[in-house]
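# sequence plus predicted model, see below.
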Amino acid sequence: MRNLAKRVIFQTLNDKRSVALILIAPLLILTLVYFLLGDSDYVPTVVLDDSAPEQLVNAFEDETLEVEQASFDDPKVYIEDNEHVDAVFEMNQEGTTITLREPSTKSSKAVGEIQDALTTLNPAAEIDTSFVYGKEGQSTFDSFGFVFLSLFSFFFVFILSAMALVKERSGGTLERLLMTPIKRGQVILGYTLGYGTFAVVQSIFIVLYSIYVLGLSSLGNMAWVMLTMLLMAGTAVLFGATISVFARSELQVVQMIPFTIIPQVFFSGLIPLDLIPYGLGNLSYVMPIFYGATAIKEVMIYGSGFSGIWMYLLGLILYAGVLYLLNMRALGKYRGH
């Protein structure tokens, strides 16, 4: 028994990836969570009517708020037309109302600051809250369902393709394939189309199940969601192929997940990028899940069409192109050996 335990210990110590998974990965993820969920310097933008009394404006400016005054007929339309605005506040004879963009951490912060401002003026005031997108009291799944659609369409295809490619490389299948006249680009496209077929089926099942069984709502056309998920799946295949270059076994693919997949989850939309301190939100632009999750959110939450998501789809296509070139280069070196 002792000899077996010693063998396992020394075998693990000799595997740098296992040591990194045990010691470094938890510290890396914990540090990332610390930065992402730490104190944010985000200041909500609240709009008051031009006719708002000076005393009210001063009370708002004393709080951590960016206060603007404007003339508007419909606060919801005003928020739709001004993306930087988090809330519109109205106080008149009919009552006190706060119109917010959507249920989110940013909205909660805006409401908290507004309530603090009103405490100095009218502590007993009853506030009616409404949202442009979504509704008060909606479930967490309704708020963040778009994240899981993007994550699942990426993660499972990534695991399947990365492990399968490692197995084909270790089994000599890929080497024999590269000895034939087939071109490297055709090999990569073949794998992408092959696993992409399963991605099509997976995407259809996920979307239909989420809408008709789990009741996930969407303001936009689900065809755009499907297209985004398919582009994500294709990118996931290429991402998995790239990661498989650095792995010699299926276990090593799993060991890389804390460094390659988990960090992307935090930048997928679970935390508004504006709330991430130290400018870490900019890291999202190098992560494919961000582009897919944002496009799906635009369709499902805001009801956007192609004009609202084309830049994110383009981001996925460019990301896939870069991965394609990296895989071409990797296969060239492999063929050379």
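That came through, no problem.
# contacts and neighbour counts: CA atoms only from here.
OK.
# burial of N221, as a residue count?
The tally of other residues near N221 (other CA atoms under 10 Å) stands at 14.
# does it touch I301 like I think?
No. Using CA atoms under 8 Å, N221 is not in contact with I301; the gap is 11.0 Å.
# now do the same contact list for G134.
When contacts are counted by CA atoms under 8 Å, 6 or more residues apart in numbering, G134 touches 102-103, 143, 301.
# JSON lines please, covering those residues and showing neighbour count, distance to V46 and pLDDT.
Shown next, in JSON lines, are those (neighbours: other CA atoms under 10 Å; distance: CA to CA, whole Å; pLDDT from 0 to 100):
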{"residue": "E102", "neighbour count": "21", "distance to V46": "14", "pLDDT": "84"}
{"residue": "P103", "neighbour count": "19", "distance to V46": "15", "pLDDT": "83"}
{"residue": "S143", "neighbour count": "20", "distance to V46": "22", "pLDDT": "74"}
{"residue": "I301", "neighbour count": "21", "distance to V46": "21", "pLDDT": "86"}
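# mind putting these into CSV with distance to L251 and secondary structure?
Listed next are the contacts of G134 as CSV, based on distance: CA to CA, whole Å; DSSP: H, G, I helix; E, B strand; the rest coil:
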residue, distance to L251, secondary structure
E102, 41, coil
P103, 40, coil
S143, 34, helix
I301, 38, coil
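# what ranges does this protein have for its strands?
Remark: strands assigned in the chain by DSSP state E are 45-49, 66-70, 87-92, 95-100, 127-131.
# most packed of these?
Burial of the strands of the chain is given as mean neighbour count (mean count of other CA atoms under 10 Å); strand 45-49 ranks first at a mean of 22.
# and that strand with strand 87-92, angle?
Using axes from the mean of the first three to the mean of the last three CA atoms, to 10 degrees, the inter-axis angle of strand 45-49 relative to strand 87-92 is 30 degrees.
# strand 45-49: partners in the sheet, and parallel or antiparallel?
strand 66-70 (parallel), strand 87-92 (parallel) (DSSP bridges).
# ok, which of the ones you listed comes nearest F267?
Smallest distance to F267 across these (CA to CA): 23.9 Å, for strand 87-92.
# with L283 as the reference, measure out to the residue nearest the centre of the chain.
Taking CA atoms, centre = their mean, the centroid of the chain lies closest to S268, which sits 1.2 Å from it. Look at S268 and L283: by CA to CA, to the nearest Å, they are 11 Å apart.
# for I276, same thing?
When distance is defined by CA to CA, I276 is 10 Å away from L283.
# these two: which is more packed in?
A count of neighbours by other CA under 10 Å puts I276 above the other of I276 and L283, at 20 against 13.
# which among the contacts of G134 gets closest to V166?
Distances from V166 to the contacts of G134, taken as CA to CA, are shortest for S143 (36.9 Å).
# least trustworthy helix or strand in this structure by mean pLDDT?
helix 2-13 (a mean of 61; mean pLDDT, DSSP states H and E).
# and the strands paired with strand 45-49 as a markdown table, adding distance to F198 and mean pLDDT?
Below are the strands paired with strand 45-49 laid out as a markdown table (distance: least, CA to CA, whole Å; pLDDT from 0 to 100):
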| stretch | distance to F198 | mean pLDDT |
| --- | --- | --- |
| strand 66-70 | 48 | 85 |
| strand 87-92 | 43 | 84 |
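# can I get those strands in TSV with distance to M163?
Shown next, in TSV, are these (distance: least, CA to CA, whole Å):
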stretch	distance to M163
strand 66-70	50
strand 87-92	47
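# tell me which of the ones you listed sits nearest to F155.
Closest among these, using CA to CA: strand 87-92, at 35.3 Å.
# hey, C-alpha coordinates of the closest one in PDB?
The C-alpha trace of strand 87-92 is given here as PDB (Å, rounded to 0.1, in the frame of the first residue of the first chain):
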ATOM      1  CA  ALA A  87     -32.100  54.900 -14.900                       C
ATOM      2  CA  VAL A  88     -34.600  57.700 -15.400                       C
ATOM      3  CA  PHE A  89     -36.100  59.200 -12.200                       C
ATOM      4  CA  GLU A  90     -39.400  61.000 -12.100                       C
ATOM      5  CA  MET A  91     -41.200  62.600  -9.200                       C
ATOM      6  CA  ASN A  92     -44.600  64.300  -9.800                       C
END
